[in-house]
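Undergrad: I need the structure of the sequence given here:
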Amino acid sequence: MKQIFGALALVLMAFPAWAEIKIQQVTSPGGIKAWLVEEHGIPFTALEIRFLGGTSLDRPGKRGEVNLMTGLIEEGAGDLDSQRFAAARDELAAQFHFSSDLDGVGVSAQFLTENRDKAVDLLHTALTKPRFDVDAVERVRQQVLAGLASDAKDPDAIGGKILRARAYGD
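TA: This next block holds a predicted model:
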């Protein structure tokens with residue numbers, strides 16, 4: 001009984017903390033709308049970006065294109081090959097993650113606030129000037145193919161595919 005009351009007390013104490021989170025809607029000079037949550041006591045910046053158009057836009061017979069693209073974005077950009085890109089990212093204490101699902105492409109970035117400008121510049125370069133070097137393409141292509149082969153045997157992936165087909169059609 002004490003454990004139940006203790007857990008309930010913890011949950012109720014968390015509500016005031018949630019209530020103080022201020023979410024602002026901001027608009028960039030280019031008209032892009034975003035949500036901004038600021039906590040200046042933490043020397044860390046986290047960024048989440050979603051672009052419409054995910055793996056459902058793969059061309060017929062080209063399943064995995066969007067997945068391949070998201071796997072390659074961090075494999076070199078601009079003048080930096082994949083190793084130099086990784087070194088530059090690590091030097092900034094930054095983490096980037098690129099993902100795709102049926103409806104969108106996601107970008108997650110975390111970095112120290114003191115490195116914000118350089119980290120955002122590096123992320124911008126990754127998004128606007130990816131290299132697609134032949135060796136990186138082949139390495140990531142093999143990773144994507146391995147993932148597709150794994151999905152073909154994974155009951156959760158198979159069930160999800162069947163559910164989506166029945167719920168939403170082709």
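Undergrad: so the most centrally placed residue in the chain bridges to which residues?
TA: The centroid of the chain falls nearest to Val107 when counting by CA atoms, centre = their mean (3.3 Å). Beta-bridge partners for Val107, by DSSP bridges, are Ile49, Phe98.
Undergrad: and it, how far is that from Gly76?
TA: To Gly76, Val107 is 16 Å away according to CB to CB, to the nearest Å. In short, each C-beta sits where N, CA and C put it, glycine included.
Undergrad: wait, the residue nearest to the centre of the chain touches Leu123, no?
TA: Yes. With contact defined as CB atoms under 8 Å, Val107 counts as touching Leu123 (7.4 Å).
Undergrad: what do these two both touch?
TA: 47, 96 (CB atoms under 8 Å, 6 or more residues apart in numbering).
Undergrad: could you say what helices and strands the lengthiest helix in the chain packs with?
TA: The residue-count maximum for a helix in the chain (DSSP state H) belongs to helix 134-153. Counting contacts by 3 or more CB pairs under 8 Å, 6 or more residues apart in numbering; DSSP states H and E, helix 134-153 packs against helix 65-72, helix 155-168.
Undergrad: what's the most buried one of those?
TA: Of all the helices and strands packed on helix 134-153, helix 65-72 carries the top mean neighbour count, a mean of 20, counting by mean count of other CB atoms under 10 Å.
Undergrad: just how off-centre is it within its chain?
TA: 12 Å (CA atoms, centre = their mean, to the nearest Å).
Undergrad: kindly report the same for stretch 51-64.
TA: 17 Å.
Undergrad: let's see that stretch as PDB, backbone CA atoms only.
TA: Extracted C-alpha coordinates of stretch 51-64, given in PDB (Å, rounded to 0.1, in the frame of the first residue of the first chain):
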ATOM      1  CA  PHE A  51      10.300  16.300 -43.500                       C
ATOM      2  CA  LEU A  52       7.200  14.900 -45.200                       C
ATOM      3  CA  GLY A  53       7.700  12.000 -47.600                       C
ATOM      4  CA  GLY A  54       9.100   8.800 -46.200                       C
ATOM      5  CA  THR A  55       9.600   5.300 -47.500                       C
ATOM      6  CA  SER A  56       6.100   5.200 -48.900                       C
ATOM      7  CA  LEU A  57       7.500   7.400 -51.700                       C
ATOM      8  CA  ASP A  58      10.100   4.800 -52.700                       C
ATOM      9  CA  ARG A  59       9.700   4.200 -56.400                       C
ATOM     10  CA  PRO A  60       8.300   0.800 -57.600                       C
ATOM     11  CA  GLY A  61      11.100  -1.700 -57.600                       C
ATOM     12  CA  LYS A  62      13.400   0.600 -55.700                       C
ATOM     13  CA  ARG A  63      12.300  -0.300 -52.100                       C
ATOM     14  CA  GLY A  64      14.900   1.100 -49.700                       C
END
